[in-house]
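> Sequence first, predicted coordinates after that:
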Amino acid sequence: MDGPSGSNVLVTGATGFTGSHLVHALVADGHRVRAVVRDAERARRRLPGTVELLEGDVADGEVLQRAVRGIDTVYHLAAVYREARHRDGEYARVHVGGTRLLLEAAKTHRVRRVVHCSTVGVHGHVANPPADEEAPFGAGDVYQRTKLEGEQVARSYAGDLEVAVARPTAIYGPGDTRLLKLFKLIAQRRFVLLGRGDIYYHMVHVDDLIRGLRLLGTHPRAPGQVFILGGERYYTLRQIIALIAAAEGVPEPRLRLPARPFQLAGSLCEKICVPLGIEPPIHRRRVDFFTKSRAFSIGKAKEMLGYRPQVDLPDGIRATLEGYLASGQITGLQRVGAPAVLASS
């Protein structure tokens, strides 16, 4: 994959959850990996020692010109994490401006292929599931809007470079922190379901996503195309919650509340807190987790690239929980064979 073993690969966003998994996989396969990182000392703790680190801003054109020199394949995963401290302009600077500067640098230095990582969030709520790559766009917040703009910038270079775009579904796996709170609340029997829980949620294990991304970096049919990369199937939110509870050995949560009041409260909190740089106690997008359906077809990636997810959700959830327990991110669960049960203390 990624060209012959020993090819030169650049990864942006290398210290993130997906990026670090990708870097480890590339190094294990004998590739020479370079990474653009904000903090080299932190990156050195997360990445293999053979990785060449280039410290700098992923939206700095001079840094990117140096980064792509001598590179065969670029995996562009860098993104701004959703936080109140980030103004709208920061999302645009990185997702749109940084992407343009990277593609310009890749064009100048004759990079063989660029894999641009977007998100299925560009489609917004999927009213008629499953959605495929041609489904209407419905980006609902500044993160999704700028990710869509960045994707469109990347695709505009298809006449000059081999560019392939990935739209991953919700990424999870051992070491992920985005779903940690959900796992914790269910383990502590404090989880409250907003709404009916009948919306769909489509997840992809990080190992399957890495396999998909690398297909985009190598397959002859990938350039000029967009591919949704997800798990083999999607589930209702209630089903996912039940799977997590079963893995943890706790009762399935039964408390439900209407979502609408929390949507209103989230909108109000964001209007007040975000301009002040304060993290809102309730986010509208967190409520969207309970109300917006995310169900997709991975048929195109399967048919054109031979993409085949290998981790089914029940196994992936158990492995993710084991990672949380091993790292101490979740405590208070006592392993008695399998599944886990809550400790009495």
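Right, received. Where do you want to start? All figures in this text were calculated on a predicted structure; none of them were measured in a lab. Numbering: from 1, shown residues only.
> got any ranges where this structure has weak pLDDT?
1-6, 82-87, 259-274, 276-287, 334-345 (pLDDT under 70).
> and with 50 instead?
Low-confidence segments of the chain (pLDDT under 50): 1, 84-85, 335-345.
> Could you pull out the helices in it for me?
For the chain, helices defined by DSSP state H occupy the ranges 17-28, 40-46, 61-68, 88-92, 99-108, 142-155, 180-187, 206-218, 237-248, 260-273, 284-291, 299-305, 313-327.
> Remind me what the first one packs against, helices and strands.
Helix 17-28 is packed against strand 8-12, strand 32-37, helix 206-218, with contacts defined by 3 or more Cβ pairs under 8 Å, 6 or more residues apart in numbering; DSSP states H and E. Every C-beta, even on glycine, is put in place using the N, C-alpha and C of the backbone.
> Format the CA atom coordinates belonging to the longest one as PDB.
Yep, that's helix 206-218 we're talking about. In PDB, the C-alpha atoms belonging to helix 206-218 read as follows (Å, rounded to 0.1, in the frame of the first residue of the first chain):
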ATOM      1  CA  VAL A 206     -10.300   3.400  13.300                       C
ATOM      2  CA  ASP A 207      -8.500   0.300  11.900                       C
ATOM      3  CA  ASP A 208     -11.100   0.000   9.100                       C
ATOM      4  CA  LEU A 209     -10.800   3.700   8.400                       C
ATOM      5  CA  ILE A 210      -7.000   3.400   8.100                       C
ATOM      6  CA  ARG A 211      -7.500   0.500   5.600                       C
ATOM      7  CA  GLY A 212      -9.900   2.700   3.600                       C
ATOM      8  CA  LEU A 213      -7.600   5.700   3.600                       C
ATOM      9  CA  ARG A 214      -4.700   3.700   2.400                       C
ATOM     10  CA  LEU A 215      -6.800   2.300  -0.400                       C
ATOM     11  CA  LEU A 216      -7.400   5.900  -1.400                       C
ATOM     12  CA  GLY A 217      -3.700   6.500  -1.400                       C
ATOM     13  CA  THR A 218      -2.900   3.500  -3.700                       C
END
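> what's in contact with it?
For helix 206-218, the surrounding residues in contact (Cβ atoms under 8 Å, 6 or more residues apart in numbering) are 1-3, 9, 17-18, 21-22, 25-26, 73, 75, 113, 115, 117, 164-166, 168, 171-173, 175-176, 204, 222, 227, 229, 231, 301, 305-307, 309-311.
> repeat that for 6 Å
1-2, 21-22, 25, 73, 113, 115, 164, 166, 168, 171, 173, 222, 229, 305, 307, 309, 311 (Cβ atoms under 6 Å, 6 or more residues apart in numbering).
> Among these, which ones are in strands?
Taking DSSP state E, the ones among the contacts of helix 206-218 that sit in strands are 73, 113, 115, 164, 166, 168, 171, 229.
> quick one: contacts for the fifth one?
In this structure, residue 166 makes contact with 117, 213, 216, 227, 229, judged by Cβ under 6 Å, 6+ apart.
> that older thread, now for the ones in strands among the contacts of helix 206-218, which pair is the farthest apart?
Within the ones in strands among the contacts of helix 206-218, two members stand farthest from each other by Cβ to Cβ: 113 and 171, at 21.9 Å.
> So which of the ones in strands among the contacts of helix 206-218 wins on neighbours?
Neighbour counts for those (other Cβ atoms under 10 Å) peak at residue 115, which has 29 neighbours.
> OK, contacts around that one?
Contacts of residue 115 (Cβ under 6 Å, 6+ apart): 75, 164, 213, 216-217.
> make it 10 Å
Shown in contact with residue 115 (Cβ atoms under 10 Å, 6 or more residues apart in numbering): 2, 9, 11, 22, 73-77, 154, 162-166, 212-218, 222-223, 227.
> of these, buried ones?
Among those, the ones that count as buried by 16 or more other Cβ atoms under 10 Å are 2, 9, 11, 22, 73-77, 154, 162-166, 212-218, 222-223, 227.
> How much space separates residue 113 from residue 7?
Distance of residue 113 to residue 7, given as Cβ to Cβ, to the nearest Å: 10 Å.
> Quickly list what's touching both of the two.
Common neighbours of residue 113 and residue 7 (criterion: Cβ under 10 Å, 6+ apart): 71-73, 217-218.
> Adding distance to residue 97, write these out as CSV.
As requested, those are exported to CSV (distance: Cβ to Cβ, whole Å):
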residue, distance to residue 97
71, 20
72, 25
73, 22
217, 24
218, 28
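> So which of these is the closest to residue 122?
Among these, and counting by Cβ to Cβ, the member closest to residue 122 is residue 217, at 20.9 Å.
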